[in-house]
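**Q** Here's my sequence, what's the structure:
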Amino acid sequence: MFPVLNHSSVTEFVLLGFSNDPALNKILFIIFLLLYLCSVLGNGLIIILICLDSHLHTPMYFFLSILSILDMGHVTATVPQLLVHMLSSSKLISFTGCWLQMYLFGGVGLAECIFFVVMAYDRYVAICFPLRYMLILNWNLCVRLVVGTWVSGFFLSLVHTYFTMKLPFCGPNIINHYFCEGPSVRNLACMDTHFIEMVDFFMSIFIVLVPLSLILASYVRITMAILKIKSTQGRHKAFSTCASHVIVVTMFYTPSIYIYLRPNSNYSPERDKLITLFSNMVTSMLNPVVYSLRNKDIKAAFIKVVMRNRGV
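**A** Residues are numbered from 1 along each chain as shown. As a prediction, the model looks like this:
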């Protein structure tokens, strides 16, 4: 492990956010509030539809509901605090609050990163072994896969957060971000963090590239299986079942690779804030849209629930 010091004179941090202009903050507050509500309501709707419609009680939709929970947790870990700061003259967050926010954001994000591998495996089994799909992905395995991803994500986040927040912070205490993001907080430490940054970088390579490599390997096998299908309609149906997952994975991993695997010389606080915002808020909002627009079963479940509430 690397050395840490257990003393700090900083008891709270200041989150700069996006602007100090009260008028602009009010406009941004409305925009971010709408994005947050769209994300929470959209993902919440997906969860409700999957719970209510028995036709959606399959591993694929079970995993989709878990992804929606992760997306809701991802935005809720950061956005409510951002909204409060936009309407308040104070942008302070306590040391404990910063610790908790970093841990929750990291835990949910890492769990989601690993969970995309589970969803890719689900598509692999469904297309390569369709007749044995429910036998291979039985409910016992599905639950264990979900629990495993959550435990792994929050354990890795605990390690990262612990060693970051155990650094000595002697001042200044101004974080140039809209939430307590690891690298931004670490930059305030009053000691040389080069070794810690190197360890963090190699951990990021492992955490990001290993799951991404497994996803790519799954889709190579999936593509090979689809190309063996003689029917054009069958190939199109098989590809369409994977398209939503590929789009969501691309939206998640592209900003993550840039933020956590780019050289330190390319670091730009303002640019990183915008990219993180896209990864955190916009992606979480778009995920249910991507799945619902391309999924006939989700649309059918929505119509069924609406008709049932109308008494039709």
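**Q** so where does residue 14 fall, helix or strand?
**A** Secondary structure assigned from DSSP states H and E places residue 14 in strand 12-15.
**Q** Quick one: mean pLDDT over that strand.
**A** Across strand 12-15, pLDDT averages out at 90.
**Q** now stretch 230-245
**A** So the average pLDDT for stretch 230-245 ends up being 77.
**Q** And that stretch, what's buried?
**A** 238, 241-242, 244-245 (16 or more other CB atoms under 10 Å). The way it works is simple: take the backbone N, C-alpha and C, and place the C-beta from them, glycine included.
**Q** for stretch 34-44, same thing?
**A** 35-36, 38-40, 42-43.
**Q** quick one: the helices in the stretch 101-250 of the chain?
**A** Remark: helices assigned in the stretch 101-250 of the chain by DSSP state H, counting those that start in this stretch are 133-136, 139-165, 182-186, 194-227, 232-261.
**Q** where's the second one relative to the chain centroid, distance-wise?
**A** Averaging C-alpha coordinates over helix 139-165 and over its chain gives two centres that are 13 Å apart (CA atoms, centre = their mean, to the nearest Å).
**Q** Could you pull out the strands in the stretch 51-200 of the chain for me?
**A** 92-94, 174-175 (DSSP state E, counting those that start in this stretch).
**Q** which neighbours does the longest one have in its sheet, and in what orientation?
**A** Partner strands for strand 92-94, per DSSP bridges, with pairing direction: strand 12-15 (antiparallel).
**Q** Which pLDDT value belongs to the closest residue to residue 156 other than its chain neighbours?
**A** Sequence neighbours aside, residue 110 is the residue nearest to residue 156 in space, at 5.1 Å (criterion: CB to CB, 6 or more residues apart in numbering). Residue 110 carries a pLDDT score of 92 in this model.
**Q** Check residue 210 too.
**A** 89.
**Q** give me every residue that touches the residue sitting nearest the centre point of the chain.
**A** Centroid-nearest residue in the chain, with CA atoms, centre = their mean: residue 109, separated by 4.2 Å. Applying CB atoms under 8 Å, 6 or more residues apart in numbering to residue 109 gives the contacts 74, 153, 157, 256.
**Q** Show the contacting residues for the third one.
**A** What that stands for is residue 157. So residue 157 contacts 102-104, 106-107, 109-110 (CB under 8 Å, 6+ apart).
**Q** Nearest to residue 78 among the helices of the stretch 101-250 of the chain would be which one?
**A** Closest approach to residue 78 among those (CB to CB): helix 182-186, 12.3 Å.
**Q** If I follow the layout properly, residue 74 ends up in contact with residue 107?
**A** No. Using CB atoms under 8 Å, residue 74 is not in contact with residue 107, being 9.8 Å away.
**Q** Could you find the closest non-adjacent residue to residue 286?
**A** residue 251 (6.6 Å).
**Q** Tell me who's in contact with that neighbour.
**A** Contacts of residue 251 by CB under 8 Å, 6+ apart are 279, 283, 286-287.
**Q** Quick check, pLDDT for it.
**A** For residue 251, the model assigns a pLDDT of 86.
**Q** same deal with residue 289?
**A** 81.
**Q** Ok, the one 3 residues further on next?
**A** With respect to pLDDT, residue 292 scores 74.
**Q** And for residue 96?
**A** pLDDT at residue 96 comes out at 90.
**Q** Just give the number of residues close to it.
**A** 11 (other CB atoms under 10 Å).
**Q** now the one 3 residues further on
**A** Burial of residue 99 is recorded as 18 neighbouring residues (other CB under 10 Å).
**Q** Look up the closest residue to it, ignoring the ones flanking it.
**A** residue 165 (4.9 Å).
**Q** Packing partners of the strand or helix carrying residue 39?
**A** Element membership for residue 39 (DSSP H and E) is helix 22-52. Using 3 or more CB pairs under 8 Å, 6 or more residues apart in numbering; DSSP states H and E, the elements in contact with helix 22-52 are helix 59-76, helix 79-87, helix 283-293, helix 296-309.
**Q** The third one versus helix 232-261: what angle between them?
**A** So that's helix 283-293. 180 degrees (axes from the mean of the first three to the mean of the last three CA atoms, to 10 degrees).
**Q** Buried residues in helix 283-293, which are they?
**A** 283-288, 290-292.
**Q** Run through the neighbouring helices and strands of it.
**A** Partner elements for helix 283-293 (3+ CB pairs under 8 Å, 6+ apart): helix 22-52, helix 59-76, helix 232-261, helix 296-309.
**Q** Recalculate using a threshold of 6 Å.
**A** Applying 3 or more CB pairs under 6 Å, 6 or more residues apart in numbering; DSSP states H and E, we find helix 283-293 packed against helix 22-52, helix 59-76, helix 232-261.
**Q** Run the angle between it and helix 79-87 for me.
**A** 130 degrees.
**Q** remind me which residues of the stretch 151-300 of the chain are low pLDDT?
**A** 262-267, 293-294 (pLDDT under 70).
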